[in-house]
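K.L.:
when you get a sec, could you give me coordinates for this:
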Amino acid sequence: MSPRTPAERREQAMRLPPLRETDTTEIERFLDALWAEQGLARASLDSYRRDLQGLARWRDREGGLAGAQRSDLFDYLKWRSQSGYSPRSNARLLSTLRTFYAACVRRGQRDDDPSALLEPPRPVRALPKALGEGQVDALLGAPDVQTPVGLRDRAMLELMYACGLRVSELVNLPATAVNLRQGVLRVMGKGSKERLVPLGEEAQHWLERYLAEARPVLAGKRSLSDLFVNPSGTAPTRQQFWSAIKRHAAAAGIDPARISPHGLRHSFATHLLNHGADLRALQMLLGHSSLSTTQIYTHVAREKLKQLHAKHHPRG
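P.N.:
Purely as a prediction, here's the structure:
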């Protein structure tokens with residue numbers, strides 16, 4: 001039976017042969033060049049690394065990745081599809097392979113690109129999960145603000161919702177990113193692109209409280225550069241904040257399954273559109289490089305209108 005869950009796929013991947021040293025060297029050389037040429041973030045480079053290591057371990061042949069044929073790539077994509085990997089994941093893999101083999105051709109390692117004629121799987125465009133405005137209020141009010149960590153979590157949740165931040169953007173904010181006098185936040189987004197986002201009165205209020213009451217307690221006498229810190233002095237990781245969100249959601253009476261890692265970001269976008277925000281302005285606030293990425297939220301807003309029509313119109 002083919003694996004379907006992430007845990008089953010991880011178990012299956014662990015049974016693949018270990019990575020050959022030649023493949024490791026080839027992958028790291030490619031990533032070093034990619035970083036030098038495009039300045040990609042570590043998370044993006046790690047994604048490329050995982051994709052290439054997966055193919056190298058599955059293929060496990062002399063000649064390394066550079067020697068793979070189109071049939072190898074086709075069979076690997078077929079194996080992944082049968083193993084339950086999503087079309088979106090396979091499309092990302094194919095993008096990685098095209099970048100890698102284009103580099104091989106440029107370096108003269110091979111004359112052709114074996115990924116050139118492969119068609120990417122069509123990903124199903126899932127609508128983002130957004131909370132209702134009442135649910136957001138309940139979630140934001142869940143942390144115990146009488147404790148330093150609870151006050152920190154409240155400020156983080158308020159900031160994420162008010163500014164539409166990605167989780168990675170939120171946990172990596174330096175203390176210098178905040179300008180309380182002007183009420184703006186400087187965010188470093190994907191591709192090292194900076195954007196300025198207004199804080200809003202509520203987020204600014206809780207951020208000021210956190211900076212005055214909680215951060216000095218959490219930081220102690222240490223001089224820390226991160227805006228949000230743990231009692232240990234380190235910044236919360238994405239996984240730690242995600243666990244905190246699920247815990248606060250349960251306390252607020254919200255099914256944690258209804259929450260996604262970017263749930264507040266999706267809610268931010270959907271609620272702005274529901275209240276008449278301009279799509280171009282939303283694109284700038286979210287830091288999307290393409291308007292087509294932002295347009296998915298119009299589908300969410302449209303679905304909400306359909307539900308309201310069906311519920312309240314006499315002929316709905």
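
K.L.:
what about Leu273, helix or strand, and which?
P.N.:
Secondary structure from DSSP states H and E places Leu273 in helix 263-274.

K.L.:
flag every buried residue along that helix.
P.N.:
Under the neighbour-count criterion of 16 or more other Cβ atoms under 10 Å, helix 263-274 has 263-273 buried. The way it works is simple: take the backbone N, C-alpha and C, and place the C-beta from them, glycine included.

K.L.:
just the closest of those residues to Ala219, please.
P.N.:
Of all the buried residues of helix 263-274, Leu264 has the smallest distance to Ala219: 24.9 Å, by Cβ to Cβ.

K.L.:
so the closest one is in contact with Glu158, correct?
P.N.:
No: counting by Cβ atoms under 8 Å, Leu264 stays clear of Glu158, with 9.3 Å between them.

K.L.:
excluding its backbone neighbours, what's nearest Arg59?
P.N.:
Distances taken as Cβ to Cβ, 6 or more residues apart in numbering place Asp72 nearest to Arg59, at 5.7 Å, with adjacent residues excluded.

K.L.:
work out for me the element that neighbour sits within.
P.N.:
Using DSSP H and E, Asp72 falls within helix 70-82.

K.L.:
what residues of the helix or strand that that helix is followed by count as buried?
P.N.:
As assigned by DSSP H and E, the chain's next helix or strand after helix 70-82 is helix 87-106. Under the neighbour-count criterion of 16+ other Cβ under 10 Å, helix 87-106 has 89-94, 96-101, 103-104 buried.

K.L.:
and what of stretch 249-268?
P.N.:
249, 252, 254, 259-268.

K.L.:
please name the residues that touch Trp35.
P.N.:
Leu45 (Cβ atoms under 8 Å, 6 or more residues apart in numbering).

K.L.:
that one sits in which helix or strand?
P.N.:
Here Trp35 sits within helix 21-38, counting by DSSP H and E.

K.L.:
so where's the stretch 51-200 of the chain uncertain?
P.N.:
120-128 (pLDDT under 70).

K.L.:
whoops, I mixed them up, the stretch 201-316 of the chain
P.N.:
277-279, 281-282, 284, 287-316.

K.L.:
tell me the SS of Val187?
P.N.:
Following DSSP: H, G, I helix; E, B strand; the rest coil, we place Val187 in the strand state.
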